[in-house]
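Q: Quick one, what's the 3D model for this:
(3 chains)
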Amino acid sequence: MTEYITRRIVLMIPVAFLVTLIIFVLVRMAPGDPVLTYAGEERDPEQLEQIRKSLGLDQPLPVQYVLWLGRAAQGDFGRSIRTRQPVGDAIRERLGATLELGLAAVLLSSTISLVVGTVSALKRNSWIDIVATGITLGGVSLPNFFLGLVLILIFGLALRMFPPGGYVPFTQDPLGNLQRLVLPAITLATASLAVNMRQVRSSLLDVLAQDYVRTARAKGLRQQAVIVGHALKNALIPVVTLVGLQVGAVVEGALITETIFFWPGVGRLAVDSIGGRDYPVVQAIVLVSALSFMVTTLFVDILYGWLDPRISYGGGAR
Amino acid sequence: MSGVGAVSSSPLPVAQRAATPLRGRLGYFLRRNPRVLLGGVVVVFLVLVAIFAPLLVPYDPIEVNPTDSLEAPSLQHLFGTDDLGRDVLSRVILGARVSLSVGLISVTIGLIVGVSVGLAAGYLGGPVDLLAMRVIDALLAFPALLLAISITAALGPQIWNAMIAIGVVAIPAYTRLTRAQVLSIREREFVTATRAIGASSWRIVFRHILPNVSNSLVVQASLSTAFAILAEASLSFLGLGAQPPTPSWGQDINYSQRYLSNMMWWMSAGPGLAIFLAVLSFNFLGDALRDALDPHLRRRA
Amino acid sequence: MMRRRDFLTTALGSGAMLLLTACGSQPAAPAKPAEPAKPAAPAPTTAPAAKTESKPAEAAKPAAPAAAAAPTQAAPGAAAGGTITFALENDVIDFDPLRSRAFVDRNAHYQIYDSLVRIDESGKIIPWLAEKWETAPDGKAVTYSLRKDVKYHDGTPFDAESVKWNIDRYRLTDDSARKGELAPLEDVQIVDASTVKFILKSPFTPLNSLLVDRAGMMVSRKAVEAGGADFTRKAFKAGTGPYVLTEAVKDDHITLEKNPEWWGKAADGSKLPLVDKIIIRPITSGDVRLTNVKTGDAQIMNNVSPKDVAGVKNESSLVYQEIPGVSWGSLVPNSKAGFVFEDRRYIKAVSMAIDRKELVDKVFFGIGTVGYGSIAPSHFAYDANFKPYEKPDPEGAKKLIAEVGKGPLSFELLVSAGDPFQVQIASFLQAQLKKADISIEIKQLEFAQILKLQTEKAFPGMTQIGWSGRIDPDPNSTDFVTTGRPFNDSSYSNPEVDKLMADQRAEGDEAKRREMLRKAEQIYVADDPARVWYRFGVAQILMSNRVSGLKPYPDQIIRFQYASIK
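A: Okay, the predicted model is just below:
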């Protein structure tokens, strides 16, 4: 087991380097000159050169890469070109909002998928099962920005049940914060909900068909006991993998959701920064997302392997 | 996270394909799997709409008509008009071209490159395999949409770059599928035997490896296309895909969302429903194919 | 099991993050409960007190041009107190006028800092920190007499030395954004504690118009030196203005508190400002801003999307005001040798063919005015009868193009990416130009990239770029049409225009100056066009009906010192 972990971690290192390289190259390739964004309405060439020097953009690329990497390792991601704020601060300020949204979405999605998925597996082909399957397919196929806009239109603007966007910090106005959380959380939860529901259902079905479950039933244990006692626990393994991965991918899902709902999170910062050619911010966010995604995946894989030695180490459903 | 991320595995033995003529087999297959038929019909319908779009549009989707702007749906304009006076339904129909071509081309890119890399990595092994899989792992380290956005932003907001970006994001799934297949078959006796006779590597690849993985590839392709269409819509929504005046579903939603607060919903509804329909049909087809082609797969992710 | 651990970790981690963020991003939150929505009911008892109370020091002041307090605004007997929340289109980037380059910054600057001079609602220059000024006969020096009753928020006195320090800082600091504006200035001399002399390199009439804005804003030296590198975000107690900056949380809110020692007064002599607190909330989405004002979470905003204007006029709880502004929209051609628009008759053809009225009516829903040049309706030199292209003339354009004899005209139009509005304008233009057989290809690019291409004079056809506007026609025009100037991205060069623009800068007589400006405009708009202007923008204020005392100014900036809220 330890050997497995060590091997995984060792293999991760070159991958991590490749990731940083990819990010650096991609961001630098982008057309547009960040110096001009920084300069606003300024045109004087001398001034522009000065700005270029102060941003460190006059060095050769490999030097820039090494410098960036070195500083990033210490947590210094430079300053935003658009707002001149230290990037680390900018991300930290917004991380809370994204985590709040992501957590709400994951909780929502997990709870609903567990309940509905279980019922759907137990009562196969009942109307619940059919509706659930329909939602599964539909949820995965509906673009989340469209769903978000529909929710805003119906619940935010037409019915005026929830504010159509914006954010107030929880510490300042808990009710207002939660009110504004509802629609984006539902939007974000929907896609993963669909996938989770299907996973719960199918793995539960798998387990229920297993011999030992049938034996338990034959022995006369009440169905509920059987399920709770054995089937669910084992069926949950692949489900939890999925949930774990989704927690890691929260930033990606939040990208569009935060943009539509004007939720001041990291996802929205990423979208704004990409549009504004804000290299330092984009690099930092993509780096942090990718690395945390990698770490989460590793974590999940290790636990998965530890808990169920039957699963081979090499594959791993993804 | 289905679609690109989900990897289907497990082959069907080659021997099963025997000597039944293709048409007969196809007919039999479709009759036994009606969902595939349904899914297939809808997909074909969408493709036809995309191909014949210019002939199908009731109005010119690109011409600006200031006098007709922002009209609600009516008998003349089933989905109303947008702020430039263009018929929304016509734009949706023409938009199918962009979405479907991006979807299909990017999946083709992913398929060709992914399978090639997978074959090379699996077959050649050693340092090639090591390097290739590290690169694949690096690609998989990024959340899919984030990677697509980054690549498109890097190359420039253009429909071609969106295709490349989504294609790149799709590659890992095919690589893993193919490589797993290669690894499992490579050491089988009949392959060793074939090699002993002196058969070339290409022959082994084409006659033994590819046919075994083709089922999974087909399923994956359908699901990938669904993801690709969704990704294209997302990219366009963020302004990174096709550029105006070319109609594109995601972009049209982006441009019309500001009118929602004025209760002008039809400009977003048309393209949104179109995206939903297209993605749904490819997902449906993919699921149906998976159930049909490999019962073993039904139980896994 | 794993599920519990995963969730536990996530929950703990999120909880920790939330706590950290909450504490980190709102340093003063516990101490100052910011009132975002319902301001405290203004205590009526303070109203009469506010009217009659006046510090003895103020009463003794010589009534320097009473316009110093810009009298026309505060309603007599207006109640004092309360909090107003202002929804601004973007967060303030730089609180220091030295490096500030963004328009949004000025919305905060005007409340915190005073300038040497300011404008009234019609755009006329009025005394402010300078009570009066005198230009030397040769035009190369201007002497300002400063107010003597002014102190900075941190207690340091405002005097001639402070003025010199400020102006020198703007002129001489390496990366100062005010260098270009103050280039005509040679030196600032201290005559006595309340008199300064500006020495110019050559006569420069628009000097005051520059000193109205950031180049003339007075900042406390003590505060700047204490703030160091962080001053740009933490410019607390650094101005002399009606409000003091007390809190600035990035992308969240900015708190401005009333300066009880401000020198300004209402028409009836009562002390200003009236409102206790102004909270600025940056909200980038026009829709969300509007919703906030409608629901009462904010009470005022100054940028209403044209599509929403008709709707807000019908809201009984809101008051909408609008006056012509000084911003303009234009199409910038590349007239450098080797590019399509080298022959400037093509520019004229485009200018003839487009339908400006249709743009204003259809795209801007009637908001704004048709514009042909760079002298805006609120400028003194504006000529309402100057209508060189009153009706679109596609036939005339076709003839002109035929005259050039190089075949049909087609070019690429670069538009700022990610803004559906800009694309809409471009699409309309495309359709209009088609009627004159001119075909354009719309290409979206990042704004910064377009600027880069413009600076390098490397864009192939035209760009669609506007200007936020300045209150004097000079900064609104000169640098765009004079040979070799930094904003002259079209490489336009016309010696007569060069001479006229240089002369008008030095001309002291307003009537003569007006003549020169108009003469030049006739050339660079109609006879030998530099670019294609199509619209002048507006200055708007949308406020809750509880707010009174505010009127829009041509530069779009709100003067909160006159506001009062019920």
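Q: use CA for all of it now, contacts and neighbours both
A: Will do.
Q: For chain B, what is the nearest residue in the stretch 401-550 of chain C?
A: Residue of the stretch 401-550 of chain C nearest chain B, by Cα to the nearest Cα: residue C:420 (5.3 Å).
Q: neighbours around that residue, how many?
A: Using other Cα atoms under 10 Å in any protein chain shown, residue C:420 has 19 other residues around it.
Q: Which residue, other than its chain neighbours, is closest to it?
A: Leaving aside its sequence neighbours, residue C:420 sits nearest to residue B:255 (Cα to Cα, 6 or more residues apart in numbering or on different chains; 5.3 Å).
Q: need the contact list for residue C:178.
A: Contacts for residue C:178 (Cα atoms under 8 Å, 6 or more residues apart in numbering or on different chains) come out as C:98, C:99, C:170, C:171, C:214, C:215.
Q: any idea how far the fifth one lies from chain B?
A: In this view, residue C:214 and chain B are 34 Å apart by Cα to the nearest Cα, to the nearest Å.
Q: before we move on, what about the second one?
A: Between residue C:99 and chain B the distance is 29 Å, computed by Cα to the nearest Cα.
Q: In a strand, residue A:170, correct?
A: No: assigned with DSSP: H, G, I helix; E, B strand; the rest coil, residue A:170 falls outside any strand and is coil.
Q: What is the burial count for it?
A: 15.
Q: moving C-terminal of the longest strand along chain C, what's the next helix or strand?
A: The strand that spans the most residues within chain C, counting by DSSP state E, is strand C:318-333. Downstream of strand C:318-333, the next assigned helix or strand under DSSP states H and E is helix C:345-353.
Q: List the buried residues for the host helix or strand of residue A:286?
A: Assessed by DSSP H and E, residue A:286 sits inside helix A:279-307. Buried residues in helix A:279-307, counted by 16 or more other Cα atoms under 10 Å in any protein chain shown: A:279-287, A:289-302, A:304-305.
Q: Same question for stretch C:225-238.
A: Buried residues in stretch C:225-238 (16+ other Cα under 10 Å): C:227, C:231, C:232, C:233, C:234, C:235, C:236, C:237, C:238.
Q: returning to that earlier point: how far off helix C:345-353 does the longest strand of chain C point, in degrees?
A: With axes from the mean of the first three to the mean of the last three Cα atoms, to 10 degrees applied, the angle from strand C:318-333 to helix C:345-353 works out at 150 degrees.
Q: mind listing what strand C:318-333 pairs with, with the direction of each?
A: strand C:462-467 (antiparallel), strand C:532-544 (antiparallel) (DSSP bridges).
Q: wait, which of the ones you listed is closest to residue C:371?
A: Residue C:371 sits nearest to strand C:532-544 of all the strands paired with strand C:318-333, at 4.1 Å, using Cα to Cα.
Q: Sheet partners, orientation included, of the helix or strand following that closest one?
A: Following strand C:532-544 in sequence order, the next helix or strand is strand C:547-548 (DSSP H and E). Sheet pairing for strand C:547-548, assigned by DSSP bridges, gives strand C:564-565 (antiparallel).
Q: Can you pull the phi and psi angles for the residue in the stretch 151-300 of chain B that chain C sits nearest to?
A: Taking Cα to the nearest Cα as the measure, the stretch 151-300 of chain B has residue B:255 as its residue closest to chain C, at 5.3 Å. Geometry field for residue B:255 lists phi and psi as phi -70, psi -20, criterion degrees, to the nearest 10.
Q: where along the stretch 151-300 of chain C do the strands fall?
A: Ranges of strands within the stretch 151-300 of chain C are C:185-192, C:195-200, C:243-249, C:253-258, C:277-282, C:300-301, based on DSSP state E, counting those that start in this stretch.
Q: deepest of those strands, which one?
A: Of the strands of the stretch 151-300 of chain C, the one with the most neighbours on average (mean count of other Cα atoms under 10 Å in any protein chain shown) is strand C:300-301, at a mean of 26.
Q: Let me see the ranges of the helices in chain B.
A: With helices called from DSSP state H, chain B shows them at B:22-32, B:34-51, B:53-56, B:88-124, B:126-141, B:144-155, B:159-186, B:189-197, B:201-204, B:210-237, B:249-256, B:266-293.
Q: okay if I get the ones you listed as a markdown table plus distance to residue A:184?
A: Listed next are these as a markdown table, based on distance: least, Cα to Cα, whole Å:
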| stretch | distance to residue A:184 |
| --- | --- |
| helix B:22-32 | 41 |
| helix B:34-51 | 31 |
| helix B:53-56 | 35 |
| helix B:88-124 | 26 |
| helix B:126-141 | 25 |
| helix B:144-155 | 18 |
| helix B:159-186 | 26 |
| helix B:189-197 | 54 |
| helix B:201-204 | 52 |
| helix B:210-237 | 16 |
| helix B:249-256 | 17 |
| helix B:266-293 | 18 |
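Q: what does the stretch 351-500 of chain C have sitting close to chain A?
A: Counting by Cα under 8 Å from any Cα of the partner chain, the stretch 351-500 of chain C comes close to chain A at C:418, C:446, C:447, C:448, C:449, C:451, C:452, C:455, C:486, C:487.
Q: tell me which element the fourth one falls in.
A: What it means is residue C:448. Using DSSP H and E, the element containing residue C:448 is helix C:447-455.
Q: could the residues of the stretch 351-500 of chain C next to chain A be laid out in TSV, adding neighbour count?
A: Listed next are those as TSV, based on neighbours: other Cα atoms under 10 Å in any protein chain shown:
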residue	neighbour count
C:418	19
C:446	23
C:447	22
C:448	25
C:449	21
C:451	24
C:452	20
C:455	19
C:486	17
C:487	20
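Q: Output those residues in JSON lines; the columns should cover distance to residue C:151.
A: Listed next are these as JSON lines, based on distance: Cα to Cα, whole Å:
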{"residue": "C:418", "distance to residue C:151": "45"}
{"residue": "C:446", "distance to residue C:151": "44"}
{"residue": "C:447", "distance to residue C:151": "41"}
{"residue": "C:448", "distance to residue C:151": "40"}
{"residue": "C:449", "distance to residue C:151": "44"}
{"residue": "C:451", "distance to residue C:151": "41"}
{"residue": "C:452", "distance to residue C:151": "43"}
{"residue": "C:455", "distance to residue C:151": "42"}
{"residue": "C:486", "distance to residue C:151": "38"}
{"residue": "C:487", "distance to residue C:151": "38"}
